[in-house]
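Undergrad: Structure, please.
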Amino acid sequence: MNILVLTQQGGILKPFAILLGYIMDFIYRFLENFGIANVALTIVLLTVVVNICLIPITYKQQKFSRMSAVMNPELQKIRKKYANKKDENSMRLMQAETSAVYDKYGASPMGGCLPSIIQIPILFALYRVIYNVPAYVSPVKSVYEKIAAPIMAADSDGSIMTGLIKDLGLKVSKFDIGNIDKVIDALNLVKTTGWSSVSEAFSSHADVVSAISKYSSNIVSMNWLPGGLSVSDTPIIFSGGLAGWFPGVLVPILAGLTQWLNLKVNQRYQTQMSGNDDNPMTSQMKTMNNIMPLMSVFFCTTLPAGMGVYWISSAAIRTVISLIIDKFLKRTDIEQIIEANKEKAKKKAEKRGLRDKKLEEYASMSTSSIKNKSISSIAGSSVSHEEIKRTGGASQTQKNEASAGDAKTSQGAVNTNEKTADSGKGNKRRKKSGSSSKKTAGGKSISDIANMLENKNGRK
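TA: A predicted model of the protein is given here:
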């Protein structure tokens, strides 16, 4: 549980941790200006800042709790109605009726758990920052560097530090004497009473002994807690008798009590939300209310006291904020909250509807519906579909007329040739030739074709 990584790690939590680290560094520097360079007080103020920033999420949670108390009777009726019906149709009907109740009150089924989910990465990142204070607070790191630098110069092969890590039980990930961050990792885990052991291990190196003598008191001072405790030490020393238990045992006890009080305040509507004590949800909530304070006691007993400071201050601040929000909500009529929720839900639905309509319009621009759209409109032109039809019709008429003209010209040329060839023959042959010259290959005269085209264009 005492593995410390000084470098700013954390995967997807790293951006949150870096942001919170900047805030903690600012708070520590601010306190330094007043001569109060104390990590414990910095942790308390950082916890206050973070929880104030989370007030909008906390407000939504508590508002949903009040809404759930009103909605729950209707939801319970639906559950009882479909209690023994497990077929697919009944399940769909139950889901539809449940959604209708949420829509009626302008609420969302995710309204209760979503704010908690949003808080998780922030709270885990806060844990990372508090557990690795030297990685994020540069004034604290600079004090450790003044001891780490001479140690690195004196212990070039890392044999002395490796022996100390083993003897003192310091758990450092991938220790490397050539990496100053790893050396600070190890030094940050040294208990208040362990600095004498470090000094003895480097007794043959005067510069290291001098640095420890000069700066270890600064480290003890900035990590100080009331009762002679340190944020970097576990609060209870089990092998130290009564002196090892007290006053350190107060840290886990206060952590458990504040966590229990916070849960009681936040879950005051749980019976109304779940309906009755026989409901499985009620039983699960009661179990969690009993387990969480015990978990707080366990973790604050085994982790450095700095985590206990965070646990206590966080639970206490959340309790105060919850009481203030609850007082505000009690002054607000539940009907006003419902109406405000319904109006907000309506606006969201309208935005969603406009977006869906736009998507449908884009989807209609498919090849299957192109007959209902003009080519010009697809290409971004303002020419209408009817104009395309009229233009196409006119072009076809012109094409037909041109074809008819060509046919007349060709036939005229044939007639001229025939007249020249038969100039010596009788009128009977000329009449026959004239008759045949008025016929097309299909057996229709050119005038008939022209009349048909004119009639067709007139109908169009």
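Undergrad: My guess is residue 118 contacts residue 56. True?
TA: No: counting by C-beta atoms under 8 Å, residue 118 stays clear of residue 56, with 10.0 Å between them. From N, CA and C alone the C-beta is placed, and that goes for glycine too.
Undergrad: Between these two, point out the one with more neighbours.
TA: residue 118 (12 against 9; other C-beta atoms under 10 Å).
Undergrad: Residue 203 is in contact with residue 209, isn't it?
TA: Yes: the pair residue 203 and residue 209 passes the contact test of C-beta under 8 Å, sitting 6.4 Å apart.
Undergrad: more neighbours, the two?
TA: Comparing residue 203 with residue 209 by other C-beta under 10 Å, the one with more neighbours is residue 209, at 18 against 9.
Undergrad: mind checking which helix or strand the residue lying closest to residue 167 once chain neighbours are set aside is in?
TA: Leaving aside its chain neighbours, residue 167 sits nearest to residue 197 (7.2 Å; criterion: C-beta to C-beta, 6 or more residues apart in numbering). Under the criterion of DSSP states H and E, residue 197 resides in helix 195-201.
Undergrad: Other residues contacting that helix?
TA: Helix 195-201 is contacted by residues 160, 163-164, 167-168, 187, 190, 208-209, 212-213, 216, 219-220 when judged by C-beta atoms under 8 Å, 6 or more residues apart in numbering.
Undergrad: one more time with 10 Å, if that's ok
TA: 147, 151, 155, 160-161, 163-164, 167-168, 186-187, 190-191, 205, 208-213, 215-217, 219-220 (C-beta atoms under 10 Å, 6 or more residues apart in numbering).
Undergrad: Next: stretch 331-341.
TA: 63-64, 66-67, 69-71, 102, 104-108, 111, 329.
Undergrad: So which of the residues you listed are in helices?
TA: In this view, these that belong to helices under DSSP state H are 63-64, 66-67, 69-71, 102, 104, 329.
Undergrad: Pull out the buried members of the residues you listed.
TA: Among those, those scoring as buried are 63-64, 66-67, 69-71, 102 (criterion: 16 or more other C-beta atoms under 10 Å).
Undergrad: The stretch 51-200 of the chain: strands as residue ranges?
TA: Counting by DSSP state E, counting those that start in this stretch, the stretch 51-200 of the chain has no strands to list.
Undergrad: C-alpha coordinates for the one helix or strand residue 28 maps to, CSV please?
TA: Using DSSP H and E, residue 28 sits in helix 14-32. Output in CSV follows, covering the C-alpha atoms of helix 14-32 (Å, rounded to 0.1, in the frame of the first residue of the first chain):
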residue,chain,number,x,y,z
LYS,A,14,-3.2,12.3,-15.6
PRO,A,15,-4.8,15.4,-17.1
PHE,A,16,-7.1,15.7,-14.0
ALA,A,17,-4.2,15.0,-11.7
ILE,A,18,-2.0,17.7,-13.3
LEU,A,19,-4.8,20.3,-13.1
LEU,A,20,-5.4,19.5,-9.4
GLY,A,21,-1.6,19.5,-8.9
TYR,A,22,-1.4,23.1,-10.2
ILE,A,23,-4.2,24.1,-7.8
MET,A,24,-2.4,22.4,-4.8
ASP,A,25,0.9,24.0,-5.8
PHE,A,26,-0.8,27.4,-5.9
ILE,A,27,-2.4,26.9,-2.5
TYR,A,28,0.9,25.8,-0.9
ARG,A,29,2.8,28.8,-2.3
PHE,A,30,0.0,31.1,-1.1
LEU,A,31,0.3,29.7,2.4
GLU,A,32,4.1,30.1,2.3
